[in-house]
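K.L.:
starting from these lines, generate the structure:
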Amino acid sequence: MDYVSSYEMKAAQATLLKNVYLWMTVALAITGITALAVVNSPTLSSLLFSGRATFFILLIAELGLVWYVSARIMSLSFTTATGLFMLYSLLNGLTLSVLFAVYTRSSIASTFFITAGTLYGYFTKKDLSSWGNILIMAVIGLIIASVVNIFMQSAMIYWIITYAGVLIFVGLTAYDTQKIKQMLANQEINEQTQKLALLGALSLYLDFINLFLYLLRIFGDRK
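P.N.:
Okay, here's the model as predicted:
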């Protein structure tokens, strides 16, 4: 009986982990398709980027939405949480479409696949639970340094931030992946665990996007 129960738990964990990567992949697809739709539509492009106000409103809406989903996901219905996650990925696609005005499409595509290889190819048995606070503090430091460099305009600081960002988000991806596996271990499939898996997908989606943006600084060919 214990063997059957253990087998069922492992099967449930495998299914939930598959769902994590499925939802993350769907969200990334929505982001990419939305960005391309904006780029290929002069009307949409001019509407979104005719002034800075619209762009900043989108950014604020994204931040508010991702905070709300992360903080309230367990009290939301699974359908609502999924819909909000997909809405966030669509809004992110609108803002990221600006990258096509800066970088060539081929370099954006190649960097996307480099990021995907980094994300999916990472595996470690080392316990990374102690990394959490360090990585969060590193991300805060990265944000502060980026804001400061807006005013300083230092090329050296720009590249230090870029390479530090790659290292930090590779580490954060590894940490989040391990945390998700531990979180979904010995769990049955129900609405609550599905929401945990969705939250895991959102975490990995954010890691992917941030890692992609830093790698694009290195590998992207500017127009």
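K.L.:
list the buried residues in the longest helix seen in the chain.
P.N.:
Among the elements of type helix in the chain, defined by DSSP state H, the one spanning the most residues is helix 2-39. The neighbour-count check on helix 2-39 (16 or more other C-beta atoms under 10 Å) flags 12-13, 16-17, 19-21, 23-28, 30-32, 34-35, 38-39 as buried. (Each C-beta comes from the backbone N, C-alpha and C, glycine too.)
K.L.:
helices and strands around that helix, which ones?
P.N.:
Contact here means 3 or more C-beta pairs under 8 Å, 6 or more residues apart in numbering; DSSP states H and E; on that basis helix 2-39 packs against helix 42-49, helix 78-96, helix 155-183, helix 191-219.
K.L.:
now those helices in TSV, with distance to residue 60 and mean neighbour count?
P.N.:
Below are the helices and strands packed on helix 2-39 laid out as TSV (distance: least, C-beta to C-beta, whole Å; neighbours: other C-beta atoms under 10 Å):
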stretch	distance to residue 60	mean neighbour count
helix 42-49	14	13
helix 78-96	10	19
helix 155-183	22	17
helix 191-219	17	20
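K.L.:
export those to TSV and tack on mean pLDDT and distance to residue 106?
P.N.:
Rendered in TSV, the data for these read as follows (pLDDT from 0 to 100; distance: least, C-beta to C-beta, whole Å):
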stretch	mean pLDDT	distance to residue 106
helix 42-49	82	20
helix 78-96	95	17
helix 155-183	88	20
helix 191-219	92	11
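K.L.:
want to throw those into CSV with distance to residue 58?
P.N.:
Conversion of the helices and strands packed on helix 2-39 to CSV gives the following (distance: least, C-beta to C-beta, whole Å):
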stretch, distance to residue 58
helix 42-49, 7
helix 78-96, 5
helix 155-183, 22
helix 191-219, 14
